[in-house]
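K.L.:
I would like to see how this sequence folds:
(2 chains, ligands or ions: 1)
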Amino acid sequence: MSSERSGEQVELQVGDEVLKVRSGERLIDICEHHLTCLTFSCRSASCGTCAIVVEQGMENLSPMDGLEAIVVEEVSEGRPNVRLACQVRVLGSACVRPLS
Amino acid sequence: MDQVDPVDKLLRRQIKLFEHAHRTPLELKGLGLTMKQEGIDKSKLYCNPDFLLLPLRECPHLSKLRPEQLSVLTAYYFARAYSEIATSESVALRYNMEASAAVFPLYSDNYMVLFHETAEEFDHIITFRNVCQALLGRGDVIGGDFFPHLKAVPVMLERYRGKLCNNGFGSMYLLMRYILNLALKQLEGFMTAGLDEKVASPLALRIVAGHAEDEARHLTTSLELGLGLFRRATPRSREIISGAMRITMYSMIDKRFSGDAAATWNFETGLGVLQRALQHPEFADFPLRAEALRDLWASEGIAIPAGAEFERSRRWIAGQLNRLAESMELALTPQGEAFERYLAYARGTTPFPEDTARKA
Ligand code: FES
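P.N.:
Next comes the predicted model:
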């Protein structure tokens, strides 16, 4: 599916990299395009490979659905602010890093 | 420190994911049947035409295709893709229950995870049979095609039956299944990417999305359970599995990472699809056959374009193969240009090409 590219420009920090991105884009697409430090496998909320910790801007990410919540519960091992990059849309500025 | 066995940890997650899937079931069969009733909707595209690796803009004949002809071409590609996927799933079916019964007690949780996946494979095969009938207009289309460079997979499983310990047999089956899962996900995960929802067939998009969700679970089970059992296998079995995986991975790398787009499996598929599409009534006025077109591209120096989605799909699969090799501590010996390219993709040292092109 094509990403929404018509949104506002926002700042996204992934690891040490600061990127200018359009709001509405899927985090996985952004990271694939910019070859960031995040890795992916199933791309559909099953494997947990793309788990990230959201250090800032959780409120600027799309809400978590049931499938993502199941995998996050298993892979986060109780750590807070964990999301799956393959499920998240970036709606405003945020700062994330890989979980492991 | 977490003391939970990785196999148990995976199991816990997969059971929850299955429970979730069963609470919100999406049977694909109905979508396949609807497609069968509707046939090709010639106002829509069934996949991103760029993913066919044909010179659709560069070739003087293909660049004049009418929207209806492009629709037929993409519909045929969609059908061909799912014919290959269904064939690889039918291989999975043959071994799924057998491998799980060799390793796990009947009706245990691990056994049941594989049982659910087997049931899903049946649903998919029935769906894709209807898809092929809908788009290609004939019945017995499943079973004819198989990812050609992976034909050795069922042969290897058969060859090593009885020579591996039970954990080893389960592991080899699941890791081979992982290779097949990767092949189909490279195809499915990217073929509708970048396609505007207004021009895409809504049924095609729903089938891709629905199947991708099931396959995500299968991919995860194949890799994590396969690796878990690999670690439990005897040293002799591990050695045999490593050898078989090495051969399979080389074959995959050779046919998918050539710098010459015309030498990749995807181009062969695109050309095969074009060949069949040219027999469709919509192409009655088309002046050349596929082989003549191919000769024309070669003589005129017309490039085979490897578009952005294709390159993304190669980067993704390179990362997955590399991860597998590292997890199994497989020493892969560099073997030529395709291997170097695979490594560059896997390590992220290839810049993202918006559009690269090679000669036909
Ligand atoms: S890539 Fe598998 S959960 Fe995101």
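K.L.:
which elements pack onto the host helix or strand of B:R206?
P.N.:
Element membership of B:R206 [criterion: DSSP states H and E] is helix B:202-232. With contacts taken as 3 or more C-beta pairs under 8 Å, 6 or more residues apart in numbering or on different chains; DSSP states H and E, helix B:202-232 sits against helix B:6-23, helix B:29-38, helix B:67-103, helix B:109-136, helix B:166-191, helix B:308-327. C-beta coordinates here come from the backbone N, C-alpha and C atoms, glycine included.
K.L.:
and those helices: which comes nearest chain A?
P.N.:
Of all those, helix B:6-23 sits nearest to chain A, with 4.3 Å by C-beta to the nearest C-beta.
K.L.:
how distant is the closest one from the center of its chain?
P.N.:
Relative to its parent chain, helix B:6-23 has a centroid offset of 23 Å by C-alpha atoms, centre = their mean, to the nearest Å.
K.L.:
again, but for stretch B:272-292
P.N.:
Worked out by C-alpha atoms, centre = their mean, stretch B:272-292 lies 25 Å from the chain centre.
K.L.:
thought A:S100 was touching A:I52?
P.N.:
No - if you go by C-beta atoms under 8 Å, A:S100 and A:I52 don't touch, sitting 10.1 Å apart.
K.L.:
kindly list the longest helix within chain A.
P.N.:
Assignment by DSSP state H gives helix A:66-76 as the longest helix of chain A.
K.L.:
just checking, next helix/strand downstream of that one?
P.N.:
Where DSSP H and E defines the elements, the next helix or strand beyond helix A:66-76 is strand A:82-84.
K.L.:
for that next one, give the mean pLDDT please.
P.N.:
Here strand A:82-84 scores 97 as its mean pLDDT.
K.L.:
stretch A:28-40 now?
P.N.:
If you average the pLDDT over stretch A:28-40, you get 88.
K.L.:
may I have the distance across it, first residue to last?
P.N.:
8 Å (C-alpha to C-alpha, to the nearest Å).
K.L.:
tell me the buried residues in that stretch?
P.N.:
Within stretch A:28-40, the residues that count as buried by 16 or more other C-beta atoms under 10 Å in any protein chain shown are A:I28, A:D29, A:I30, A:C31, A:E32, A:T36, A:L38, A:T39, A:F40.
K.L.:
those residues: which ones sit near the ligand?
P.N.:
Contacts with the ligand are made by A:F40 out of these, judged by C-beta under 6 Å from any ligand atom.
K.L.:
now the buried residues of stretch A:28-40 as a markdown table including secondary structure?
P.N.:
Formatted as a markdown table, those follow (DSSP: H, G, I helix; E, B strand; the rest coil):
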| residue | secondary structure |
| --- | --- |
| A:I28 | helix |
| A:D29 | helix |
| A:I30 | helix |
| A:C31 | helix |
| A:E32 | helix |
| A:T36 | coil |
| A:L38 | coil |
| A:T39 | coil |
| A:F40 | coil |
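K.L.:
now, which of the buried residues of stretch A:28-40 sits nearest A:R22?
P.N.:
Distance to A:R22 across those (C-beta to C-beta) is lowest for A:I30, with 8.9 Å.
K.L.:
so who does that closest one touch?
P.N.:
Counting by C-beta atoms under 8 Å, 6 or more residues apart in numbering or on different chains, A:I30 touches A:L12, A:V14, A:L19, A:V21, A:T36, A:V90.
K.L.:
what about the second one, distance to A:E59?
P.N.:
Translated: A:V14. Computed as C-beta to C-beta, to the nearest Å, the A:V14 to A:E59 distance reads 18 Å.
K.L.:
comparing these two, which residue is more hemmed in?
P.N.:
The residue with more neighbours, out of A:V14 and A:E59, is A:V14; 22 against 9, by other C-beta atoms under 10 Å in any protein chain shown.
K.L.:
and the more buried one, how far from chain B?
P.N.:
From A:V14 across to chain B, the span is 13 Å (C-beta to the nearest C-beta, to the nearest Å).
K.L.:
who does that residue form a beta bridge with?
P.N.:
A:E17, A:V96 (DSSP bridges).
K.L.:
still on that earlier bit, what's the closest of the buried residues of stretch A:28-40 to the ligand?
P.N.:
Checking the buried residues of stretch A:28-40 against the ligand with C-beta to the nearest ligand atom, the nearest one is A:F40 at 4.2 Å.
K.L.:
what residues are up against that closest one?
P.N.:
Applying C-beta under 8 Å, 6+ apart, one finds that A:F40 lies in contact with A:I28, A:C31, A:E32, A:T49, A:C50, A:A85, A:C86, B:W316, B:G319.
K.L.:
do that again at 6 Å, thanks
P.N.:
Neighbour list for A:F40: A:I28, A:T49, A:C50, A:C86 [criterion: C-beta atoms under 6 Å, 6 or more residues apart in numbering or on different chains].
K.L.:
tell me the helix or strand right after the lowest-mean-pLDDT helix or strand in chain A.
P.N.:
Of all helical and strand segments in chain A, the minimum by mean pLDDT, DSSP states H and E falls on helix A:27-34, at a mean of 90. Toward the C-terminal end, the helix or strand that comes next after helix A:27-34 (DSSP H and E) is strand A:51-56.
K.L.:
show me what counts as buried in that next one.
P.N.:
A:A51, A:I52, A:V53, A:V54.
K.L.:
spatially nearest residue to the second one (excluding sequence neighbours)?
P.N.:
Counting by C-beta to C-beta, 6 or more residues apart in numbering or on different chains, the nearest residue to A:I52 once its immediate chain neighbours are dropped is A:V96, at 4.5 Å.
K.L.:
number of residues surrounding the one you found?
P.N.:
As a burial measure, A:V96 scores 26 neighbours (other C-beta under 10 Å).
K.L.:
cool, thanks, signing off.
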